[in-house]
Structures are given as structure tokens and as C-alpha cells.
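Chemist: no FASTA, just this:
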């Protein structure tokens, strides 16, 4: 499963209560042999993708030998992988461009 998933793929996940929800894969990362995935709730229109908070799940093998995504219960493990995803997901933001657009706005006000 992990080898077959790419950013932008849509997954349907079933929670413990049997509710199905769709999520979009926004990133994957392997650390110490464990695959982690960053996901955002899927919105067909894409309206809320930028504002949506992402969740991080890890891949485990269940009792049937199938790959499943589970929550990360260990706080230290979660913090380590969250830091990695924060760097990966937000490294593409160019804050210099935002500063330039702010300067242009300030100049227009004068």
C-alpha cells in the first residue's frame, strides 16, 4: 500500500466507529522502517485544502497481515515526525515573495 500511494492520492479511511471519510495524501515519509503519511480531509472542490489541518498516521501490519493506518500514540514519536512533515510541507513557501507583495501594498497606500 505505501509503495503505491503518492501525493494527491485519495484514501477512504474507516474509523473505529465504522464511519468512512476521504483524505488526500499530502506527504509520506519513512523513518526507522516505518511509513508515515500526512493527510487532509478531502474536499472535491479543493476549497478548504489550504486551511485544513493535516493529520499524521503511521502504517502498521494488522493481525490479518494487511497494512493499516493508525494514530501515533507516543508523543515523542509524533513530535519527531510532525517536525519532519512541517519542514517538508512548508519548505516550498517563499516568504520573500510575501514580503515583496506587502511592500507593494504599502507603497500604494502612500
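Modeler: Looks like it came in fine. Not measured: the values here are computed from a predicted model.

Chemist: so after the biggest strand by length in the chain, what's the next helix or strand?
Modeler: Longest among the strand segments of the chain by residue count, using DSSP state E, is strand 20-31. For strand 20-31, the succeeding helix or strand toward the C-terminus, using DSSP states H and E, is strand 34-41.

Chemist: Now do the next helix or strand after that following strand and strand 20-31, the angle between them.
Modeler: The helix or strand immediately downstream of strand 34-41 is strand 55-61, counting by DSSP H and E. Per axes from the mean of the first three to the mean of the last three C-alpha atoms, to 10 degrees, the angle that strand 55-61 makes with strand 20-31 is 80 degrees.

Chemist: Tell me the confidence at residue 42?
Modeler: What the model reports as pLDDT for residue 42 is 90.

Chemist: bridging residues for the residue nearest to it when sequence neighbours are not counted?
Modeler: Distances taken as C-beta to C-beta, 6 or more residues apart in numbering put residue 22 closest to residue 42, at 3.9 Å, once the chain neighbours are dropped. C-beta here means a position set from N, CA and C on the backbone, and glycine is covered the same way. For residue 22, the beta-bridge partners under DSSP bridges are residue 12.
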